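K.L.:
how would this look folded up:
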Amino acid sequence: MPTIALDLQGISSYTTYASGGMRECHVDQPNVVHTSCGDLVPRYSRPDVRSKDMKSLSFCESGAIRSICLDAQTMVDTPLGAFPAELVTFFEDGVLDSVFPLNGQIGFSWSQDDEKALADDFTFEFGFGSITAKIIGVRFYPSGKVKSVILWPGEVVPVATPLGVFQGRAGVRVFETGELESFEPAAPVSLTTPIGPVMAYDVDALEMDADENSVRFDATGNLVRVATSGDVIANSPAVGHKRFSSRTRMALSKDVPVKLPISITFGNDTVTISNDRQTEAFVISQSRFLVLPDIDVMGLCADGCDTCALGCVS
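P.N.:
Predicted structure coming up:
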């Protein structure tokens, strides 16, 4: 068995790195692990209807703990105070990286709605305002400041941005100062940008990660990135005439085709446009742009429009 820094009892299975160090393991006996957020008991009980049959602990190649799946929801010490957790992750130096209040297995016997029914509302105060919602998890900077808040699918919250207040989903990412870095619109929104109006939205946003969002700002509140679907046409003396069209693939969450977003990133009188197949930079003052949105959210909606408050259609 690979050598690890912990004296774990009851290791029932494990995997290793190519170097021979332990990557992850299951345990079937109680263990108490001392961490920066308190003494924690990794999962050792047999799985039930909602419990993941997953690793009890995972490790960095150095042997440092990367994550602990807890045997039961536990109040752990965090920069936000005591916080309930079923899964915690750490930076390699042992500082808390993220906390997940719930960690149930979504499948045939336990639905996402079943899991969400166990979720509580949490309130977070930031420099741009407060957010109250059911959450999947919270990620921290090494300094202990909140880095991002991941919302439960279906949760929609008002987000105060430098461009106005918009309804947001998926989650938000925050600068260490507490100011908004990025958010994911709950419905397509028209934003004023250096190249004209752009309809911002990611039809296939990954709702388990709040770090990559469609609308991004710099620390001073300037818009630096927006994602949209459809076509972007650019014309400049230096680059010529270019057309960027969304790629199409099956959605991550449903068996429907979706147009993937085009990334538009702004600099000092520059814009970089990319659809993952082609990327080109333009000088804004020397170029002309036409953005033609093609954003179809209907195939991804869980319920009918009669019960939806997002206002996607008139």
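
K.L.:
so where's the stretch 51-200 of the chain uncertain?
P.N.:
By pLDDT under 70, the low-scoring segments of the stretch 51-200 of the chain are 52-53.

K.L.:
swap in 90 and give it another go.
P.N.:
Low-confidence segments of the stretch 51-200 of the chain (pLDDT under 90): 51-55, 104-112, 114-115, 153.

K.L.:
quick one: the helices in it?
P.N.:
Here the stretch 51-200 of the chain has its helices, by DSSP state H, counting those that start in this stretch, at 112-116.

K.L.:
strands along that one, start to end?
P.N.:
Using DSSP state E, counting those that start in this stretch, the strands found in the stretch 51-200 of the chain span residues 57-59, 65-78, 81-90, 96-100, 121-126, 129-140, 146-151, 157-161, 164-174, 180-185, 189-193, 196-200.

K.L.:
same check, this time on the stretch 201-314 of the chain
P.N.:
Under DSSP E, counting those that start in this stretch, the stretch 201-314 of the chain gives strands at 215-217, 223-228, 230-236, 240-245, 248-250, 257-259, 262-266, 270-274, 279-283, 288-293.

K.L.:
most tightly packed of the strands of the stretch 51-200 of the chain?
P.N.:
Ranked by mean neighbour count, these are led by strand 180-185 with a mean of 24 (mean count of other Cβ atoms under 10 Å). Glycine gets a C-beta too; all of them are placed from N, C-alpha and C.

K.L.:
between it and strand 223-228, how many degrees?
P.N.:
On the basis of axes from the mean of the first three to the mean of the last three Cα atoms, to 10 degrees, strand 180-185 is oriented at 20 degrees to strand 223-228.

K.L.:
kindly export strand 180-185 (C-alpha atoms) in PDB.
P.N.:
Extracted C-alpha coordinates of strand 180-185, given in PDB (Å, rounded to 0.1, in the frame of the first residue of the first chain):
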ATOM      1  CA  LEU A 180     -18.600  41.200  -8.600                       C
ATOM      2  CA  GLU A 181     -16.300  39.500 -11.100                       C
ATOM      3  CA  SER A 182     -18.800  37.500 -13.200                       C
ATOM      4  CA  PHE A 183     -22.400  36.200 -13.300                       C
ATOM      5  CA  GLU A 184     -24.600  34.000 -15.500                       C
ATOM      6  CA  PRO A 185     -27.800  35.600 -16.700                       C
END
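
K.L.:
touching that strand from outside, list them.
P.N.:
126-128, 159-162, 166-175, 200-202, 205, 210-217, 219, 225 (Cβ atoms under 8 Å, 6 or more residues apart in numbering).

K.L.:
what lines up beside it in the sheet?
P.N.:
strand 164-174 (antiparallel), strand 215-217 (antiparallel) (DSSP bridges).

K.L.:
between the strands of the stretch 51-200 of the chain, which one is closest to residue 27.
P.N.:
Taking Cβ to Cβ, strand 57-59 is the member of the strands of the stretch 51-200 of the chain nearest to residue 27, at 7.5 Å.

K.L.:
listing partners with orientation, what would you give for the closest one?
P.N.:
When DSSP bridges is applied, strand 57-59 pairs with strand 22-27 (antiparallel), strand 65-78 (antiparallel).

K.L.:
can you redo these as CSV with distance to residue 39?
P.N.:
Listed next are the strands paired with strand 57-59 as CSV, based on distance: least, Cβ to Cβ, whole Å:
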stretch, distance to residue 39
strand 22-27, 15
strand 65-78, 9
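
K.L.:
among the ones you listed, which comes closest to residue 288?
P.N.:
strand 65-78 (49.1 Å).

K.L.:
centre of the chain to the closest one, how far?
P.N.:
How far strand 65-78 lies from its chain's middle: 20 Å, per Cα atoms, centre = their mean, to the nearest Å.

K.L.:
can you list contacts of that strand?
P.N.:
Outside strand 65-78, the residues within contact range by Cβ under 8 Å, 6+ apart are 6, 30, 33, 35-38, 40-45, 52, 54-60, 82-90, 92, 94, 96, 99, 101-103, 138, 140.

K.L.:
report the angle between that strand and strand 96-100.
P.N.:
Angle between the axes of strand 65-78 and strand 96-100 is 80 degrees (criterion: the same axes, to 10 degrees).

K.L.:
quick one, strand 65-78 and strand 129-140 angle?
P.N.:
140 degrees.

K.L.:
middle-most residue in the protein, spatially?
P.N.:
The centroid of the chain falls nearest to residue 209 when counting by Cα atoms, centre = their mean (1.4 Å).

K.L.:
for it, which non-adjacent residue is closest in space?
P.N.:
With sequence-adjacent residues excluded and distances taken as Cβ to Cβ, 6 or more residues apart in numbering, residue 209 is closest to residue 150, at 6.9 Å.
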